[in-house]
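In: After the sequence you'll find the predicted model.
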Amino acid sequence: MVAWSPEQYLKFEDERTRPALDLLSRVPLDRPRRVVDVGCGPGNSTELLTQRYPAASVIGLDSSAEMIAKARRRLPDVDFVVTRIETWTPAEPLDLVFANAVMQWVPDHLEVFASLFTACVPGGVAAMQVPDNLQEPTHRLMGDVAEAGPWRDRFSTPMARETIPLPTAYYDRLRPAAARIDIWHTAYYHPLEDADAIVEWLKGTGLRPYLDRLEPHHREPFLKAYRERIAAAHPPLVDTRVLLRFPRLFIVAVKA
């Protein structure tokens with residue numbers, strides 16, 4: 001079981017919340033009644049939803065009890081549920097399904113997202129954003145380090161994170177139930193202090209499954225090897241900072 005740390009995740013809360021803001025800005029709803037934040041994490045995306053839709057009934061879902069505990073402290077008036085997204089079903093039709101940076105962790109996520117879209121009322125919206133960074137140095141180097149050290153046997157089973165399909169796959173799967181589909185791709189460039197900051201960022205998300213598989217005495221050597229490769233792939237800029245390139249795919253589908 002991957003141990004998700006709300007504190008580690010929120011070290012870069014502003015940067016992590018920006019895509020959620022961009023996604024929400026494209027949701028064409030004024031007064032939804034029932035809203036679900038799928039993969040709500042520590043509640044930063046849920047807070048955006050409650051601020052935009054103060055009259056809505058908002059529920060937050062996450063498989064991590066640690067994340068849900070943090071979200072409940074942040075938003076005590078919101079209903080949060082610890083559950084696996086792929087097995088959850090709404091009690092009533094939904095007006096808005098909001099899935100920010102979570103579907104990449106859900107098995108067969110395109111079918112899961114399509115099922116949630118089907119659960120929307122006519123005119124309802126399913127909106128999702130996923131990191132599309134498996135080919136970026138940050139993630140390629142995780143795999144390189146995993147295969148290069150004395151821990152390589154711990155990675156004989158592939159990681160659970162899914163490859164992100166092409167936009168056409170999302171369009172074709174959602175189109176039969178959709179009146180409109182909006183798809184776009186954005187690459188964010190986050191200025192960070194140094195290569196160590198990139199590693200700290202990834203320790204809150206992409207590195208967690210790798211660290212979870214390692215024996216305790218291998219974790220620091222793994223991180224040291226990863227830091228060295230990250231530093232080589234992200235040379236310092238004129239002000240000594242580095243740029244973390246982070247591509248993301250966005251989809252907003254409106255139910256027919």
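Out: Ah, there it is.
In: Low-confidence stretches in the stretch 151-256 of the chain?
Out: 160 (pLDDT under 70).
In: Please enumerate the helices of it.
Out: Assigned by DSSP state H, counting those that start in this stretch, the helices in the stretch 151-256 of the chain fall at 167-174, 195-203, 208-213, 216-233.
In: Among these, show me which one is buried the most.
Out: Counting by mean count of other CB atoms under 10 Å, helix 195-203 has the highest mean neighbour count of these, with a mean of 19. The C-beta positions use only the backbone N, C-alpha and C, and glycine is treated the same way.
In: which helices and strands does that one pack with?
Out: helix 137-148, strand 178-192, helix 216-233, strand 242-255 (3 or more CB pairs under 8 Å, 6 or more residues apart in numbering; DSSP states H and E).
In: right, so of the ones you listed, which gets closest to Ala65?
Out: helix 216-233 (21.8 Å; CB to CB).
In: List of residues touching that closest one?
Out: Contacting residues not belonging to helix 216-233 are listed as 137-138, 141-142, 144-146, 148-151, 154, 194-196, 198-199, 203, 207, 210-211, 214 [CB atoms under 8 Å, 6 or more residues apart in numbering].
In: run the last query once more with 6 Å
Out: Contact with helix 216-233 is made by Pro137, Leu141, Val145, Trp151, Ala195, Ile198, Val199, Leu211, Leu214, as judged by CB atoms under 6 Å, 6 or more residues apart in numbering.
In: again with stretch 79-98
Out: Taking contacts as CB under 6 Å, 6+ apart, the residues outside stretch 79-98 that touch it are 29, 32-38, 59-61, 63, 65, 68, 71-72, 106, 112, 116, 119-121, 124-127.
In: from these, which would you call buried?
Out: 29, 32-38, 59-61, 63, 68, 71-72, 106, 112, 116, 119-120, 124-127 (16 or more other CB atoms under 10 Å).
In: can you tell me which of those are in helices?
Out: Judged by DSSP state H, the buried ones among the contacts of stretch 79-98 include Ile68, Ala71, Arg72, Val112, Leu116 as members of helices.
In: if we can go back for a sec, now intersect the buried ones among the contacts of stretch 79-98 with the strands, please.
Out: Using DSSP state E, the members of those that fall in strands are 34-38, 59-61, 120, 124-127.
In: can you list the residues you listed in a markdown table and add distance to Leu174 and pLDDT?
Out: Output for these, formatted as a markdown table (distance: CB to CB, whole Å; pLDDT from 0 to 100):
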| residue | distance to Leu174 | pLDDT |
| --- | --- | --- |
| Arg34 | 20 | 98 |
| Val35 | 19 | 98 |
| Val36 | 17 | 98 |
| Asp37 | 20 | 98 |
| Val38 | 15 | 98 |
| Ile59 | 22 | 98 |
| Gly60 | 23 | 98 |
| Leu61 | 20 | 98 |
| Cys120 | 11 | 98 |
| Gly124 | 13 | 98 |
| Val125 | 11 | 98 |
| Ala126 | 8 | 98 |
| Ala127 | 11 | 98 |
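In: With that, I have no additional questions.
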